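K.L.:
Sequence plus predicted model, see below.
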Amino acid sequence: MPAWLRDEGDALVLSLHVQPGAAHTSVDGAHGDSLKLKLAAAPVEGRANAELLRWLARAFGVPRRNVLLLRGETARAKVVRIVAPSLRPDRTWVSAS
């Protein structure tokens, strides 16, 4: 299991490094012990965090309320918890780590 992913029973915890202001939201590989994501939103008025949580909810097949920002509201380093994921795209991201 990659360093950026932790399985906690019915939830996953991801350690992320985000880069706001990209042309589109996508996984950009490993960044130390984190997974780097490029976000298609500016880091203004919570737009980047909203884009991150929306994108993760769609990727893992969960309602937005199942994606929780645990740490890093104003930082690039973030920790996110995804409760009861129905999809597991992270399994294809492993090669990026």
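P.N.:
Perfect, I can see it now.

K.L.:
just checking, residue 18 touches residue 48?
P.N.:
Yes: counting by C-beta atoms under 8 Å, residue 18 touches residue 48, with 6.6 Å between them. Where you see a C-beta, it was placed from the backbone N, CA and C, and this is true even at glycine.

K.L.:
which helix of the protein spans the most residues?
P.N.:
Using DSSP state H to define each element, the chain has its longest helix at helix 47-60.

K.L.:
got the buried residues for that helix?
P.N.:
48, 49, 51, 52, 53, 55, 56, 57, 59, 60 (16 or more other C-beta atoms under 10 Å).

K.L.:
Look at residue 2 and give its secondary structure.
P.N.:
Assigned by DSSP: H, G, I helix; E, B strand; the rest coil, the conformation of residue 2 is coil.

K.L.:
thinking again about what came up before, okay if I get the buried residues of helix 47-60 as CSV plus distance to residue 84 and pLDDT?
P.N.:
Listed next are the buried residues of helix 47-60 as CSV, based on distance: C-beta to C-beta, whole Å; pLDDT from 0 to 100:
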residue, distance to residue 84, pLDDT
48, 25, 96
49, 21, 97
51, 22, 97
52, 19, 98
53, 15, 98
55, 18, 98
56, 13, 98
57, 11, 98
59, 14, 97
60, 9, 97
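
K.L.:
Closest to residue 71 out of those residues?
P.N.:
residue 49 (11.7 Å; C-beta to C-beta).

K.L.:
Tell me the secondary structure at residue 85.
P.N.:
Going by three-state DSSP: residue 85 is coil.

K.L.:
Just give the nearest non-adjacent residue to it, would you?
P.N.:
residue 60 (4.0 Å; C-beta to C-beta, 6 or more residues apart in numbering).

K.L.:
Contact partners for the one you found?
P.N.:
By C-beta atoms under 8 Å, 6 or more residues apart in numbering, the residues touching residue 60 are 12, 66, 67, 82, 85, 86, 87, 88, 89.
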